[in-house]
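1. Here is a sequence with its predicted model. Questions after.
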Amino acid sequence: MAKKPFALRIDEKMMQAVEKWAEDEFRSTNGQIEWIIYEALKKAKRLQKLKDQDS
């Protein structure tokens, strides 16, 4: 799976919370953000739709 870079503007306090969460779970900040997005997509049942678009 290719990864596409993009800029993310986020509130400083929110970013600090994500960085702390990532540290607590031994992930990079980027990895933590990817995991959060993945979990949100899974919960919203949108992952299959994304897989269909890739084909």
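-> Ah, there it is. Computed from a prediction, not measured in an experiment: that's the story for all the values here.
2. can you give me the helices for the chain?
-> Ranges of helices within the chain are 12-24, 29-43, 47-54, based on DSSP state H.
3. Please convert these to CSV, extending it with mean pLDDT.
-> Output for these, formatted as CSV (pLDDT from 0 to 100):
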stretch, mean pLDDT
helix 12-24, 98
helix 29-43, 95
helix 47-54, 66
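4. want to throw those helices into a markdown table with mean neighbour count?
-> Heads up, the C-betas are built off the backbone N, CA and C, glycines and all. Output for the helices of the chain, formatted as a markdown table (neighbours: other CB atoms under 10 Å):
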| stretch | mean neighbour count |
| --- | --- |
| helix 12-24 | 12 |
| helix 29-43 | 13 |
| helix 47-54 | 9 |
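5. For residue 5, find the nearest of those.
-> Nearest of the helices of the chain to residue 5, taken as CB to CB: helix 29-43 at 9.9 Å.
6. center of the protein - which residue?
-> Nearest to the centroid of the C-alpha atoms of the chain, with distances taken as CA atoms, centre = their mean, sits residue 34, at 2.2 Å.
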